[in-house]
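1. from the sequence below, what's the structure:
(chains A, B and C)
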Amino acid sequence: MSYLEELNDAQRSAVLHKDGPSMVIAGAGSGKTRVLTYRIAHLIHGGVDPFNILALTFTNKAAREMKTRISKIVGDNQAKNLWMGTFHSVFAKLLRFEGHHLGFPSNFTIYDTQDSQRLISSIIKEMGLDKDIYKYKQIQQRISAFKNSLITVKAYYNNPELQEADAIARKPRMGEIYNEYVNRLFKAGAMDFDDLLLRTNELLNRFPEVLVRYQERFKYILVDEYQDTNHSQYLIVKALSDRYQNICVVGDDAQSIYSFRGANISNILNFQRDYDQVAVFRLEQNYRSTNTIVRAANSVISKNKDQIEKQVWTDNPDGDKIIVHRSATDADEGRYVASTLFEWKLNNQLKNGDFAVLYRTNSQSRAIEDALRKRDIPYRIYGGLSFYQRKEIKDVLAYLRLVINPKDEEALMRVINYPTRGIGQTTLDKLVVAAKETGMSIFELLSPENRSSLKINASTSNRLEDFATMIRSFQILAESADAFTLTEHVIKKSGLVLEMKKDGTPEGIARLENMEELLNGIQDFVEGQREIDEATGSIAEFLEDVALATDLDKEVGDDDRVALMTIHLAKGLEFPYVFIVGMEEDLFPSAMSMNTRAELEEERRLFYVALTRAEKQAVLTYTINRYRWGKLIDAEPSRFIEEIDEQYLDNQVVDFRRNFSPYLDTSLFGEVDHSKLRTVKPKAGTPPSIGRPTEKQLQKLRKIKPASVQPVAESATLYADLSVGAKVNHERFGTGVVQSIEGIGVNKKAEIKFESGGIKKLLLKFAKLQIIK
DNA sequence: TGCACCGATGTTTTT
DNA sequence: CATCGGTGCA
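-> Next up is the predicted model:
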């Protein structure tokens, strides 16, 4: 049991505690994963059958990694029997076995958010409601919130307050929509993400014998990131652990960042009230970060009122101060990140993988990407629009879903007329209505005997027949072929490949390549699954994997790249060098989250998470102007910068007013008095927001401070001297003549008459015009 | 029924 | 700027 020697006292006692409830409060970087891993290994060592252990982690990747480490201690044979994974994937698996009690087939489809929203959208339309009042995204979020709080349709109707709230919000028919949504999911043999938890609760509640069976099975339960569990998850854990009370939760209230999806911080705050005789362990020594980073992070989080008392500290050296950097625009910010990263990499012989760029919103990645690409720095974006959410991929998956579960209405609606095969909206409307009236699924309605009762003309009827026949032929193939063979067949026969090929545009080609990548992915999957017992490499398994895979789950392995991701995704990860970009008011903290103290505190925790990802060096950047919705807006430094104890900052910013010069590049700024940071609010119309310096002005500037000038965008001077009458070339519209010019700086627009016909008003910033001499 | 084009509209964060 | 739904024409 040499592994026990690798632990500090607090960690060791948490690992050694065997029976009864325990809670591990683990500060950032305090070796939480190590405790979880060793605790599981130790349980197995002590004679607990791995079959009786359930470990709920935050990502599937974390589960896999932990499993690998556990195998190294206790051996493969033992480790493979562990049930380990995210709440969603573990209980999806459980529902595949037990869902029949609730009337769900074992091959139920998992709807992602987009599927849910599409379904809600069509329900709103069918009910003839005003889509400007009943916004499908809002409705989906509200329903999701209901489900996460275990408010079923019935509970909703028993709750006058909720109904009243919806009535006041001018959505009196919310309940009906909710009801219809639940029914439609059921009829489609589908569950949304929230259902995976809600239906598990329903199952355990309504079927005591099932509950007992799993209580007996999961004698030891471990929950990671407990601070981010929602009510639904809380109840599942409570129910399953009720018999043996061998529940160990690990978490850090200071890192609770998922309240927007129902996470309830009081789950962890009240844990000691919920269980008797809770053993509490505190991990307060940070092994990850420099003393500077640890203390800076502490100084920020101490501003929060709601928290469990704890003091994170470290033995690590002080390290460098946290760099704060200001840029003129988001493009400049990207350039600063890229050049700094490049320089450090060169000077210190670092790898790309030593760096992460973290941001609050996915849309911020673009400027960073552009800058990194220009410097040929390899990067990888995590999250955002994931591969499996791309249209062309979802289309392929929809065909496959339909093969597995023909009742899957969203999948059917997606592909019944894509590629187009002459089945139009009118026909679809008829089908939806008939499906509602008869209780049959749309796919069932496609068969000749059911179809005949609909008022559909003969040629359309034939097309429906062809579609149904095609899907059935796929289903037959699926019985004998593996996932790869089936998918290859499907994309050919469905006409998807042809559709892509005839497109011919660069985007079309990219889409085709994506499909190939999907095929490769499926091939890998099939081969990988064959090595696992019980797994067959079937398409059903693949689809489940895809539905619940986090972007972090994809093993991209060995290639050395800079990581770009949102702070949310970065939770649990660590990097030597971390750039936190977009440190601006309204962005971080987000404008949407400043209404209440609780919201603001969550943003602050998010910042705490971001900061504590860094091992050696953290860099905070903000801009003066940033593009949002394609418009340049003023920005102001985030309050969070100010909240860091000044002594930990290396503030590379000067008082704006003092050093102001309209064409000064931001990298010229020297040291600054930190307290001035937010007193300088560039107002709309101040020169820097007008645009970039011209080449001439830059040259003048270089004479003054030659070394510090950053390269300016190539496009900068392209339109500076554009005048009426100039002949220009546009990528898409061809050549034309400038008719008039309006606006100034980046907002400059030109009206251009193109030879191809038509006059267009273009924002020069985006138009990428070439001036033809 | 299909397709090209227009304008309105929207953004946190994710399983 | 991206996406989506609606509109108007072939």
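
2. spit out the contact partners of A:Tyr379.
-> By C-beta atoms under 8 Å, 6 or more residues apart in numbering, A:Tyr379 lies in contact with A:Asn352, A:Val357, A:Ile368, A:Glu369, A:Leu372, A:Arg561, A:Val562, A:Ala563, A:Leu564. Bear in mind the C-beta positions are built from the backbone N, C-alpha and C, glycine included.

3. for DNA strand C, what is the nearest residue in the stretch 451-600 of chain A?
-> A:Glu507 (10.1 Å; C-beta to the nearest atom of the strand).

4. remind me what the helix or strand that contains that residue packs against, helices and strands.
-> For A:Glu507, the host element (DSSP states H and E) is helix A:506-530. Contact here means 3 or more C-beta pairs under 8 Å, 6 or more residues apart in numbering; DSSP states H and E; on that basis helix A:506-530 packs against helix A:391-404, helix A:483-493, helix A:496-503, helix A:539-548.

5. that helix to helix A:496-503, inter-axis angle?
-> Interaxial angle of helix A:506-530 relative to helix A:496-503 (axes from the mean of the first three to the mean of the last three C-alpha atoms, to 10 degrees): 150 degrees.

6. mind checking how far A:Leu372 is from A:Pro105?
-> Going from A:Leu372 to A:Pro105 by C-beta to C-beta, to the nearest Å gives 46 Å.

7. okay, those two: which has more neighbours?
-> A:Leu372 (25 against 14; other C-beta atoms under 10 Å).

8. contacting residues around the more buried one?
-> Counting by C-beta under 8 Å, 6+ apart, A:Leu372 has contacts A:Gly334, A:Val337, A:Ala338, A:Leu341, A:Pro378, A:Tyr379, A:Val562.

9. would you list those in CSV and tack on pLDDT?
-> Formatted as CSV, those follow (pLDDT from 0 to 100):
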residue, pLDDT
A:Gly334, 94
A:Val337, 96
A:Ala338, 95
A:Leu341, 95
A:Pro378, 93
A:Tyr379, 92
A:Val562, 94
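
10. pull up the gap between the closest residue to A:Gln272 other than its chain neighbours and A:Arg639, please.
-> Of all residues not flanking A:Gln272 in the chain, A:Val278 sits nearest, at 4.7 Å (C-beta to C-beta, 6 or more residues apart in numbering). From A:Val278 across to A:Arg639, the span is 36 Å (C-beta to C-beta).

11. so for the two, which residue has more residues nearby?
-> A:Arg639 (20 against 16).

12. low-confidence stretches in the stretch 551-700 of chain A?
-> Residues of the stretch 551-700 of chain A meeting the criterion pLDDT under 70: A:551-558, A:653-700.

13. hang on, A:His45 packs against A:Gly75?
-> No. Taking contacts as C-beta atoms under 8 Å, A:His45 lies outside contact range of A:Gly75: 10.7 Å.

14. ok, back up a step: which of the contacts of A:Tyr379 come close to DNA strand B?
-> Applying C-beta under 7 Å from any atom of the strand, the subset of the contacts of A:Tyr379 adjacent to DNA strand B is empty.

15. list the contacts of stretch A:386-401.
-> Residues contacting stretch A:386-401 (C-beta under 8 Å, 6+ apart): A:109, A:112, A:114, A:408, A:410-412, A:414-415, A:418, A:471, A:474, A:486-487, A:490-491, A:494, A:496, A:500, A:511, A:514-515, A:517-518, A:539, A:542-543, A:546, A:549, A:551, A:554.

16. what subset of those residues is buried?
-> A:109, A:112, A:408, A:410-412, A:414-415, A:418, A:471, A:474, A:486-487, A:490-491, A:494, A:496, A:500, A:511, A:514-515, A:518, A:539, A:542-543, A:546, A:549, A:551, A:554 (16 or more other C-beta atoms under 10 Å).

17. picking that back up, relative to DNA strand B, which of the helices and strands packed on helix A:506-530 is closest?
-> Closest among the helices and strands packed on helix A:506-530, using C-beta to the nearest atom of the strand: helix A:539-548, at 5.0 Å.

18. whichever helix or strand comes after that closest one pairs with which strands, parallel or anti?
-> With elements assigned by DSSP H and E, the helix or strand that comes after helix A:539-548 is strand A:562-566. According to DSSP bridges, strand A:562-566 forms sheet pairs with strand A:355-359 (parallel), strand A:379-381 (parallel).

19. A:Thr59 reaches A:Met84, doesn't it?
-> No. Shown here, A:Thr59 and A:Met84 do not form a contact pair, counting by C-beta under 8 Å, at 11.2 Å.

20. what's around the closest residue to DNA strand C within the stretch 1-150 of chain A, how many residues?
-> DNA strand C sits closest to A:Ser121 of the stretch 1-150 of chain A, with a gap of 5.1 Å, by C-beta to the nearest atom of the strand. Per other C-beta under 10 Å, the neighbour tally for A:Ser121 reads 17.

21. ditto for A:Glu488
-> A:Glu488: 16 surrounding residues under other C-beta under 10 Å.

22. so who does it touch?
-> A:Leu519.

23. any idea how far A:Ser494 is from it?
-> For A:Glu488, the distance to A:Ser494 (C-beta to C-beta) stands at 11 Å.

24. residue contacts, A:Ser459?
-> Going by C-beta under 8 Å, 6+ apart, the list of residues near A:Ser459 reads A:Gly422.

25. and the helices and strands packed on helix A:506-530 as a markdown table, adding distance to A:Glu126?
-> As requested, the helices and strands packed on helix A:506-530 are exported to a markdown table (distance: least, C-beta to C-beta, whole Å):
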| stretch | distance to A:Glu126 |
| --- | --- |
| helix A:391-404 | 21 |
| helix A:483-493 | 30 |
| helix A:496-503 | 28 |
| helix A:539-548 | 26 |
